[in-house]
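In: Give me a 3D structure for the following:
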Amino acid sequence: MSLFCEYLASAFLKIWGLRTPDFAFVRINREHIPSSWGIHGYCFDTTCFATKYHSEYADATKLNEIIKSSDRKKYTNRFDLIKIGLFDLWLANEDRHAGNMNLLIDLENERDFIAIDHESIFNSRVMSDHLSELTENDSILDSLFARTLFDKREITPALIDEIKKYFYLCTQHCKEQASSILDDIPSDWKISRDEVNIKLEQIFAKQWQENNFKLFSTLLQQYLL
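Out: Residues are numbered from 1 along each chain as shown. Reported below is the predicted structural model:
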């Protein structure tokens, strides 16, 4: 299920227009895995979810510090961080927060944010229970890095309204493309389509989206103003 969560979130991120590493389904022969990696061969008996490596990507967790006002504009697409925070609330991703940002920064391309590691969506893959909303402390927006990346004058009602329109448009596009995304799941992952559809119904539900956007707005007002 962890591979499925990685794949689904990556596919949805691309629909949102947010950066995530290019990915592919690959088959890997056990004999090609160096013993020094310490990885059991059985991990490669099923189709793998692979992401493209890039030498110019840096771990953003090491940058979880105060951003000086003079450095803010180095992050040309810094408002993508706000959108990633909203994306995480929508998918109940419990593993991107102040202590574990799960972001890369493209040092070669205007310090773009690149979202990674999504195996903990759906409340850490609890597929049998109804989704639970994250709390304010679960969000990357509750981080020193996020709070100092923006000038408070930039977080305006007009910006929040613009992001709201973006949110509903993106989730609608995800809903429209969900079936074709699921069609591409490798058969050897043995994913229950019925089980997944229950989760999709929850994230596309009007009340779920409204509740999460409300929490998102609260976070912006509380932590970024």
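
In: From here on, just use CA atoms for contacts and neighbour counts.
Out: OK.

In: Would you mind measuring from L3 to T46?
Out: Using CA to CA, to the nearest Å, L3 is found at 11 Å from T46.

In: Revised request: answer the last question for G99.
Out: 32 Å.

In: With D88 instead?
Out: 28 Å.

In: Tell me which of those two has more neighbours.
Out: With neighbours defined as other CA atoms under 10 Å, D88 and T46 compare such that D88 has more, 24 against 14.

In: After the strand or helix carrying the more buried one, which helix or strand is next?
Out: Assessed by DSSP states H and E, D88 sits inside helix 79-91. Following helix 79-91 in sequence order, the next helix or strand is strand 103-106 (DSSP H and E).

In: Identify the residues contacting that following strand?
Out: Here strand 103-106 makes contact (CA atoms under 8 Å, 6 or more residues apart in numbering) with 56-61, 111-116.

In: For the helix or strand following that strand, which helices and strands make contact with it?
Out: The helix or strand immediately downstream of strand 103-106 is strand 112-115, counting by DSSP H and E. Packing partners of strand 112-115 (3 or more CA pairs under 8 Å, 6 or more residues apart in numbering; DSSP states H and E): helix 79-91, strand 103-106.

In: Flag the shaky bits of this structure, pLDDT-wise.
Out: Counting by pLDDT under 70, the ranges of the chain that qualify are 63-65, 223-225.

In: Look through it and report the residue furthest from the middle.
Out: Ranked by distance from the centre of the chain (CA atoms, centre = their mean), the top residue is E31, with 32.7 Å.

In: And that one, how far from S187?
Out: From E31 to S187 the distance is 23 Å (CA to CA).

In: Equivalent analysis for N100, please.
Out: 32 Å.

In: ditto for G85
Out: In terms of CA to CA, G85 sits 31 Å off from S187.

In: what does E210 give?
Out: 34 Å.

In: quick one, helices of the chain?
Out: 2-16, 79-91, 121-125, 144-149, 157-183, 193-203, 206-219 (DSSP state H).

In: Export these to CSV and append columns for distance to D22.
Out: Shown next, in CSV, are those (distance: least, CA to CA, whole Å):
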stretch, distance to D22
helix 2-16, 9
helix 79-91, 17
helix 121-125, 19
helix 144-149, 25
helix 157-183, 15
helix 193-203, 23
helix 206-219, 27
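
In: Which one, of the ones you listed, ends up nearest to S35?
Out: helix 2-16 (22.7 Å; CA to CA).

In: residues in contact with that closest one?
Out: 19-20, 48-49, 117-121, 125, 170-171, 173-174, 181, 185, 189, 191.

In: rewinding a little: drop anything exposed from the contacts of strand 103-106.
Out: Buried subset of these (neighbour count, 16 or more other CA atoms under 10 Å): 57-58, 60-61, 111-116.
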